[in-house]
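> Here you go, sequence then predicted model.
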Amino acid sequence: MTAKTILYVEDNEVNRRLVQDLLIPTTYRLIEATDGESGMVMARQEHPDLILMDVQLPKVSGIEATRTLRGEPATAQTPIIAITSFALAGDEEKAMAAGATAYMAKPYSPRDLLGLIRRLLPEGGGPAT
Ligand code: MN
């Protein structure tokens, strides 16, 4: 069985390390991109089962990347969790309007993020739907 793959698009190394640690005890396979442009490229190449998309990203914002991927057949249905900033009012609305499935505002509890991931992409048996 192929591990379910999560693509995390995040420019901040500390945040990437937090999610790496969070997913160690799980069966998810994590792949990463560090800006919106390479995030879209990786989404097209790797067909992840779920995408964690930071909103504030270099080159192409997470909002723009989400909107673009939603318009492409291969990623039209892929769950996308937007990682928004609590301090930036309006991020959540923009992310949801761009097609995000859900959002998590920074700073978030790692346990809450893992719970949301598991709700949208159950771990373990069976093909991803
Ligand atoms: Mn960022």
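Alright, I've got the coordinates.
> And the ion, is the strand or helix carrying Ile83 touching that?
When secondary structure is defined by DSSP states H and E, Ile83 falls within strand 80-85. No - against the ion, strand 80-85 shows no contacts by Cβ under 5 Å from the ion, the least distance being 7.9 Å. To be clear about C-beta, it is placed using only N, CA and C from the backbone, and glycine gets the same treatment.
> Pull up the pairing partners for that strand, direction included.
Strand pairing for strand 80-85, determined by DSSP bridges: strand 50-54 (parallel), strand 102-106 (parallel).
> ok, what's across the strand from the closest residue to Val41 other than its chain neighbours?
Take Val41 and drop its neighbours on the chain: the residue closest to it by Cβ to Cβ, 6 or more residues apart in numbering is Ala33, 7.5 Å away. Ala33 has the following beta-bridge partners by DSSP bridges: Val9.
> Which residues outside stretch 52-63 are in contact with it?
By Cβ atoms under 8 Å, 6 or more residues apart in numbering, the list of residues contacting stretch 52-63 from outside reads 6-12, 15, 19, 34-40, 65-66, 68, 80-85, 88, 91, 94-95, 98, 100, 117.
> same thing but 6 Å
Contacts to stretch 52-63, defined as Cβ atoms under 6 Å, 6 or more residues apart in numbering, come from residues 8-11, 35-37, 66, 80-84, 91, 94, 98.
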